[in-house]
Each structure stands twice: as structure tokens, then as C-alpha cells.
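Peer 1: model the structure of this input:
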Amino acid sequence: MSSNADEVAEIIAFYESVFVNTCCPIAVLAFLTYEYLITFDSEVGLFWRSKFTGASALFLTNRYWPLLVNILNITSSARMSDQVLPTSCDAYVKALQTIELLQYFPWAAFSALRTYALSRGNRALSILVFFLSIVPMGVNFSQYHWLVVINDPTIGCSKSSTISADMAKRLTIASRTCLIAADVIVLLVTWTSTFGTIRIADAALKGRPSFVRLLVRDGAFFNRFVLCQVMSDIAFITNDALSPVSYFTTFTEPITAVLVSRFLLNLQEVNQYNQRSSLSTVSLTQSVTLDFASRIVGSLGSSLETGHESSRMSSNAPPSYADDDMMWDLSDLSPRDHGEAHHESTDVAIDV
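Peer 2: Below you'll find the model as predicted:
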């Protein structure tokens, strides 16, 4: 009698899990749809009507790829006939897994470009961040070796895995450790690059949109979310690497996509604001120069230049414009009794 009760309990738990796993993609789709509706006007104004750049490609890929993934996740619960094409369910599951894992590519590219722009053009560090961020995609592609596709008439087209618990734990540790390392590098680069610059920008720009303020504000919010994600990764690090470790992690990928999209929208908004503004040279205690390489990657091709430049104080020449490139010169107002001023600069241009 007790064995029958245990079997019934297992069946109930199984179908409860199936029900929740079916509802989660629907909830994610509702969240993404709401996000797209409230930001669609900004997308049209900032990207659709502007010149297509690498930033545009990254934004559109990051924005609509998760939507495709969740629509396919929902449709996977439908029953598929094996009479016409016996391998239809198998092909569908593998295609869905491939599309889902490719989400990591634009996120890795975004992290690498962000690191490049903030680390004074350190290509080695940017490449390291990219490969660390892309490790989860490579690790999860290994699941095809243990993947088992199930075409169940009740729960639809689903998957299982024959991987051992020990191997799953090893893959989980390798995947999430690399992702955590990439997040920590980006976090440290952002903090060290913008620590002293935000007060200079606040004094110089007096409320006007700036890349420095944007990097600190959006970067801080993004890093808080990354910290929460890292904590969840550590909490679930002993779980199966090839299956959802918790219902919370179901939402981390779409939330990451939304945060990256918002970051890119804000970058593009500041970039277009700067291009429309006609700003004269402003004298300040220190100089802040933003150099936009719009021809290359649009709003991602920005850099921070800080230092002392009293030699420009005597010049009232307006800022120069060259096609899509723009530079703000915010010359410094060092104390008048100081001696010869010195200049320290950091000039970064993303080159792809």
C-alpha cells in the first residue's frame, strides 16, 4: 500500500513540475511583451530611424531573440505527430536548445564591448571577458551527448538527460564559475573607470545627459542584478547543469536581455542627444572629453577622456564635428595660481 502511495505522490509531483514549467515561459512572454510595448516608441525613434551600426545589430538581436525562444518554449508543450515525420519532435527540441543557447552570444559581446570601452581599449581583457561569458553556451552544447527526447501524448514534446550527477556537477561548476568571473571583471572595470569621473561629469554637464553618468547609473543597477544572479548561481551550483535549477533562473535570462536592451536604448539616446546639441567649450576644474566613434558601432563607440588641459582655456573654438563623429571638449579651470598644467588622457575607440 505504501509503495502505491509513493508512486502516486511521484506522479503528482511530476505533473505539478510539468505544469509550473509550462506556465513559466508564458509568464516570461507576458513580461517581455509588456516591456516591448512600453519601449517600442523609443526603439523606433532611436534605432529604426538611425543609421544601422553594430550597436543596432546587437540591440535587435538581444531584444527579439528571447521573444523567439519563449514562443518556441510554449509551443513545445503541444503534441507532435510521429506518423508524418518520426523525427519531428527530436529535431524541434534540438533546434530549440540551439536557439536558446545562442542567447549568450549577444550578452557576451555586450560585456566584452563594455569592458573594452571602459578599460582604455584593453583588447586582451575584453577577449577574456568574451570567452568567459561564452563558456556557458559551449558547456550546455555538450548536453546533446546525453539528450533524450520524449514525445509524450500528455505533456507534449519534452526532453530528459542521461548525464550522471557527478558530471552534471562538474559542468555546472565550470560554466557558472566562468560566468561569475566575467561578471566580476566587468564590475571591477566599471567601478575603477568611473569612480572619479562621475563628479567631474556632474559639474561639467549640469544635468545634461552624459555617458559617464549613464555608465554609473545603469552600470550600478545592472551590476546589482548580476550580483543577485551570481548569488543564485552559487546557491544552486550543485544542481544538474543541464536542467533548470530553480524557477528563479527561468527569469534571469529574459531579465538580463531586458537590462541589456535598456542599457543600449539609453546609450543611443545620449548619443543622439549629443549629436543634436550644439555645445560650446566649457571651462571646468578638470576636463572630460567624450569621443564618439559612431561610424563603427554607434553608441557603443564612446570613450572617456579625463585630465587637465589648461592650454585649451585660452581658446574659445567650438567643438569640432566630422560627419557622424563628435567630440565634446570640456576644458579645465585649474586654480589660476597653479603652474604649468599637465594632461592625462584616455582615448578609446571600439574597432570591429
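
Peer 1: every contact and neighbour count from this point should use C-alpha atoms.
Peer 2: Noted.

Peer 1: now do the buried residues in stretch 163-183.
Peer 2: 168-169, 171-183 (16 or more other CA atoms under 10 Å).

Peer 1: can you check stretch 13-26 too?
Peer 2: Result for stretch 13-26 [16+ other CA under 10 Å]: buried residues 21, 22, 24, 25.

Peer 1: and what of stretch 39-54?
Peer 2: Quick answer for stretch 39-54 (16+ other CA under 10 Å): 42, 43, 46, 47, 53, 54.

Peer 1: what is the nearest of these to residue 192?
Peer 2: For the buried residues of stretch 39-54, the residue nearest residue 192 by CA to CA is residue 54; the value is 26.1 Å.

Peer 1: what about that closest one, distance to residue 158?
Peer 2: Distance of residue 54 to residue 158, given as CA to CA, to the nearest Å: 36 Å.

Peer 1: the buried residues of stretch 163-183 in helices, which ones?
Peer 2: 168-169, 171-183 (DSSP state H).

Peer 1: mind listing what residue 19 touches?
Peer 2: Under the criterion of CA atoms under 8 Å, 6 or more residues apart in numbering, residue 19 has no neighbours.

Peer 1: please tell me how far it sits from residue 9.
Peer 2: In terms of CA to CA, residue 19 sits 15 Å off from residue 9.

Peer 1: repeat that for residue 101.
Peer 2: Distance from residue 101 to residue 9, by CA to CA: 33 Å.

Peer 1: which one of these two is surrounded by more residues?
Peer 2: residue 101 (17 against 11; other CA atoms under 10 Å).

Peer 1: OK, contacts around that one?
Peer 2: 137, 140, 141.

Peer 1: please redo it, this time with the cut-off set to 7 Å
Peer 2: residue 137 (CA atoms under 7 Å, 6 or more residues apart in numbering).

Peer 1: and for residue 96?
Peer 2: Residue 96 touches residue 72, counting by CA under 7 Å, 6+ apart.

Peer 1: all further residue positions should be reported with the first residue as 59.
Peer 2: Fine by me, first position is 59 from now on; the one you just mentioned is residue 154.

Peer 1: helix/strand/coil for the closest residue to residue 119 other than its chain neighbours?
Peer 2: Closest residue in space to residue 119, ignoring its immediate chain neighbours: residue 164 at 7.1 Å, by CA to CA, 6 or more residues apart in numbering. The assignment at residue 164 comes out as helix when based on DSSP: H, G, I helix; E, B strand; the rest coil.

Peer 1: what's around residue 164, how many residues?
Peer 2: 23.

Peer 1: and if you look at the one 3 residues further on?
Peer 2: The burial metric for residue 167, expressed as a neighbour count using other CA under 10 Å, is 19.

Peer 1: doesn't it lie inside a strand?
Peer 2: No - under three-state DSSP, residue 167 falls outside any strand and is assigned helix.
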